[in-house]
Structures are given as structure tokens and as C-alpha cells.
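Q: Model the structure of this input:
(2 chains)
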Number of protein chains: 2
Amino acid sequence: MSKREPPAARRRRLSVDDRRDELLRVGMELFSTRAYDEIWVEEIADRAGVSRGLLYHYFPTKRDFYVAVNRAAAAEVGELTAPARSLPLAEQLRAGIDAYLRYAEARPHGFLTAYRGALAGDAEVRATVEEGRQRQSARILEALESDREPTALLRLAIYGWTAMAQAVTADWLRRRAPRREVVRDLLADALMGTIRAAAQAKAEELSQQ
Amino acid sequence: MSKREPPAARRRRLSVDDRRDELLRVGMELFSTRAYDEIWVEEIADRAGVSRGLLYHYFPTKRDFYVAVNRAAAAEVGELTAPARSLPLAEQLRAGIDAYLRYAEARPHGFLTAYRGALAGDAEVRATVEEGRQRQSARILEALESDREPTALLRLAIYGWTAMAQAVTADWLRRRAPRREVVRDLLADALMGTIRAAAQAKAEELSQQ
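A: Predicted coordinates for the structure are as follows:
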């Protein structure tokens, strides 16, 4: 922020950002626990204590609002699942998966609307889902190999596992079985298995050259 | 087909089906090797030797045509990847994965249009992609356990792996690396790892009860 701006302009700008954040917070609450089609713009405005006109000023359509909410939720889940570098590798990965599943379990509709539901076909929502995979992949690769460049095969394997994690989470949220800890262990073991499979396929390729 | 129909009606109906099949065959050729947006209805009609009017009679829009082509391709890949029950389990799975990758490699745009490209957000195309996963999952489960009901956890694990296989295939088709055999081995080893992970997570759950 420029130091030359008068204090009033700074306050006004902050206030606009704060208002937007507040609307997104209300949206995250609403969209995460109820289906997209059940939520009306009137309810969002009421809950946020603003007029419909003001809501439309920030977000021209309900879909635009959802897209922004979905992006904010993706950033939040990204922070919550950041690996704790002090733990051993397998524990870091397991803790990250556990945080991801807890987040999804508490906000099933938020996850399902983006992944399977009303807006799963929306190009921007799909881009956000894809960005989530890419970020998750990059983090796992970072945790795995801090000193050397990961192979193309390992990148591909980890990226594939992130798609598995999303599909498994979506299916689990719909069925609500088995228990979260069981799903966490499944995904953690499958990830370690995938990492080993990449190492093995690479070794086979090298031995054939 | 009813035996009471006169031969002429039967011929006419067959001819309609044959025409449709022929159009789909042309569509599979075109859409599999070039991007959706590059293909014009005129070219499809020319290639099939029919008028645009007749093409529109069968498929009202290019999107409708693509949806039908995509469904026909999914049925074809389903047949090609049917497991050879005479082989040992691991070989059955590896052969099925190999057939799937060969099919996708020869028709990269057909796969990418549905999975990542112009029509990846289309609800019917997404349903076809999802049906493909479900069919692949059911087959793998069938190959794994012929005599007992698979557990919910194994179903979830295999379903997750099919999402991984699609994501890995899409990424591989875009980058054209590593070699197909390496990707096949990666997916086959990851599948066996996933099956073991499901067995292990189940065992842990039972030991905690």
C-alpha cells in the first residue's frame, strides 16, 4: 500500500476487502453444509446482513459468488494441510491426509458441489480443483525429495494419487463409510505404494536401457 | 425385433442403424486425432458422404454428435480392455491397463476432449467418464474376488485407482513421456499397492474393534 494515500482512502479500501471477506465467510458456511441449489441469494444477503444489491455489487451472480467461495475454501484447505516438516515423512503425509479428510467431512457440500455436484462442470471450478491437485502434488514432492529434482515418473505418479484422493473423498462423503481413520490409512498406504511403484518402474526402465 | 414386421420395414430400420454407426465411426476417427474446436460439421458430413441436413437429422448439434461418439468410444474401450480370464491375476490387470493406454495413445484427442478439453465440463460427457470408471472398477473387483463379496473399503480403493488411471493417462498424453510400458508398469504396481493398502487398512480396523 502506498504511503502517500490519505488515511480515509486506506480505511475505505480495507473496508471493501473486509466486507468481501465477510461475505466469503458466510458463503463458506452456507455452501459447505447445504446443496448449491437449495441456497438463495436472499438468504446469503440476510445472513451477511447486507442488501441483495450490495451482494450483487461484489458478486454479479450466485455462480460467481460460489466460484469465489470455492477458491477461498481451496486456499484454506491448502493452509490446513501444509506438512509439519518436523515429523518423519510418513507421518507428515498421514497428517496432511487427515487434515484434508477432516476439512471435507465438516463441509461435505462444499466439496461435493465442486467435485460432483451442481458446479462440477464449471470451467473455473474445475480449474480450482485442478490447482488443488497441483498444489498437493508439489507439496508431496517437496516433502519427498528436498535435495534433488523429482523424476517425471514420480511427478506423474503423485499427480495420479491426488486424483485418487479426491475421488475417494467424494465417494466416502456420499456414503459416509468407512470411518475417516480407515480412509486416511488407505490413502496414506496407497500413496506410499505409489511412490514405491514409481521407483520400481523407473528402476525397470533403467535396467532395460 | 418382432417377427411380424414386413421385410421392408426391417431393412429400413437396419439401414438407419447402419447409417448412424457409419457416422459414429467417422466421428471417432475425426475426434480422436484432432481437437474438438478444429472440427466443423461440414467436414464430418463430407467425410461421411452425407449432407449436413442428414447429419443434423441424426445429431442436432456438434456437441450431441460428440457425446454419441464419446459413448461409442467408451463402449469400444470397454470391450478392448476386458480381462483375459485365462491369465494369472496380475497379468490380467497389466494386459487391461496396456490395452487402455494403447487405445488412448492412438486417439489422444478423443480422450483429452472428454477428460480435460472442450467438453470435459459437459454433464453427459462427465457421466460417460464416470460410467467408464464404474465399469473398470467392477471388472477389477470381479477379477479379484470371484467367490466373496468385496468389502466397501476395497471398492473405494479400486474406484480411487480408476480416477488415478484416468488422471495419469491424461497427463501422459499431454506430455508424451515417459514410454507407455513405463506408465503401464506404474499403474499396474500402483493398483497392486492399492489392493494391499485396502487389505491392510481393513486388518487395522478389525484389530481395533
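Q: now the helices for chain A?
A: With helices called from DSSP state H, chain A shows them at A:7-33, A:41-48, A:52-58, A:62-80, A:89-106, A:108-115, A:123-144, A:152-175, A:180-208.
Q: Spatially, and excluding backbone neighbours, which residue is closest to the residue of chain A found nearest chain B.
A: Chain B sits closest to A:Gly193 of chain A, with a gap of 2.4 Å, by CB to the nearest CB. Every residue, glycine included, has its C-beta placed from N, CA and C. In this structure, A:Gly193 finds its nearest non-sequential neighbour in B:Gly193, 2.4 Å apart by CB to CB, 6 or more residues apart in numbering or on different chains.
Q: Tell me the spacing between the one you found and A:Gly117.
A: 30 Å (CB to CB, to the nearest Å).
Q: ok, these two, which is more surrounded?
A: Neighbours were counted for B:Gly193 and for A:Gly117 using other CB atoms under 10 Å in any protein chain shown; B:Gly193 has more, 22 against 17.
Q: on that earlier part again, I'd guessed the residue of chain A closest to chain B sits against B:Leu191; true?
A: No. With contact defined as CB atoms under 8 Å, A:Gly193 does not count as touching B:Leu191 (9.2 Å).
Q: hmm, back to that, make TSV out of the helices of chain A and add mean pLDDT and distance to B:Glu130.
A: Output for the helices of chain A, formatted as TSV (pLDDT from 0 to 100; distance: least, CB to CB, whole Å):
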stretch	mean pLDDT	distance to B:Glu130
helix A:7-33	77	22
helix A:41-48	93	30
helix A:52-58	93	34
helix A:62-80	92	20
helix A:89-106	93	19
helix A:108-115	86	11
helix A:123-144	91	14
helix A:152-175	94	10
helix A:180-208	87	20
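Q: B:Asp18: which of those helices is closest?
A: Evaluated over the helices of chain A, closeness to B:Asp18 peaks at helix A:123-144, with 37.4 Å, by CB to CB.
Q: Residues touching the closest one, excluding its own?
A: A:66-67, A:70-71, A:74, A:77-78, A:81-83, A:85, A:89, A:92-93, A:96, A:114-115, A:119-120, A:150, A:154-155, A:158-159, A:161-163, A:165-166, A:191, A:195, B:120-121, B:167 (CB atoms under 8 Å, 6 or more residues apart in numbering or on different chains).
Q: quick one, what contacts A:Gly117?
A: A:35-36, A:109.
Q: Of those, which are in range of chain B?
A: Checked against chain B using CB under 8 Å from any CB of the partner chain, these yield no neighbours at all.
Q: Buried members of the residues you listed into ChimeraX, please.
A: Listed next is the ChimeraX selection for buried residues among the contacts of A:Gly117, using 16 or more other CB atoms under 10 Å in any protein chain shown:
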select /A:36,109
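Q: Check the contacts of A:Gly117 against A:Gly27 and report the nearest one.
A: A:Tyr36 (10.9 Å).
Q: which residue is nearest the middle of chain A?
A: Centroid-nearest residue in chain A: A:Ala74, 3.4 Å away (criterion: CA atoms, centre = their mean).
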